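# I'd like to go over a predicted model; first the sequence, then the structure.
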Amino acid sequence: MTALDIGVIIITVLFLVRGVWIGFVRQIAFVLALTTGYVAAGAYYDHFSSYLSKWVHNPELRFVITYTLLFLATYVIIMLLGAGLKKVMQVSFLGWFDRLMGGIFGLLKAVFISTLAYMALAGIFSPGNPIIQKSFSARYLTRSARFVTSFIKDKELQKSLIPKSPAISSFLANPVPALKKLGGQAK
């Protein structure tokens, strides 16, 4: 077990516990609130900034104030809807389902975060580094990294983000078959 494995275990436990504790509805409400707040603030900024033009004459400051207020208003409304839906689930005795799905969603987030961290580490360290090479989780994270990078259209960028195996490791592990492949004589 390497430091990479310990890091993956810590991330997984934290996200799993947090997912079960918070539940699926609140996690989804948070993601929706952030994205919807961002989109709504960008879409309706022009319309609402005209109301502030009487008091705020600087256009940059007016943008910041309007954007922030729209983002916060949208965020709060969606989070309140999420809290209401969570209460409905608790009253209807579906709280266990919310927590179960929250744990599963937490595990998915842990896999995604661990994969991104692994891709970053694999880009920094050489492929022969013992932290990566002796890691139990590295082969699973490599598969996950291939899946994550499959959504990137640029093939060169995809290749650069996939961790590589060291070129000499198979030779060092068993040099006799490798020499035979190369045409050398092994005794």
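It's in.

# what's around Phe95, how many residues?
One correction, residue 95 is Gly, not Phe. 15 (other C-beta atoms under 10 Å). From N, CA and C alone the C-beta is placed, and that goes for glycine too.

# same thing with Phe71?
Quick note: Phe71 (other C-beta under 10 Å) scores 20 neighbours.

# likewise Tyr44?
Using other C-beta under 10 Å: Tyr44 sits among 14 other residues.

# Check what contacts the helix or strand containing Ala145 and list those residues.
Ala145 is located in helix 138-149, with elements delineated by DSSP states H and E. The contact list for helix 138-149 (C-beta atoms under 8 Å, 6 or more residues apart in numbering) reads 4, 8, 111-112, 114-116, 118-119, 122, 132, 157-158, 161-163.

# if we take those, which one ends up nearest to Glu60?
Closest to Glu60 out of these is Leu116 (33.5 Å), distances taken as C-beta to C-beta.

# Grab the longest helix from the chain for me.
Longest helix in the chain by number of residues (criterion: DSSP state H): helix 59-91.

# so what secondary structure elements neighbour that helix?
Judged by 3 or more C-beta pairs under 8 Å, 6 or more residues apart in numbering; DSSP states H and E, helix 59-91 is in contact with helix 24-52, helix 95-124.
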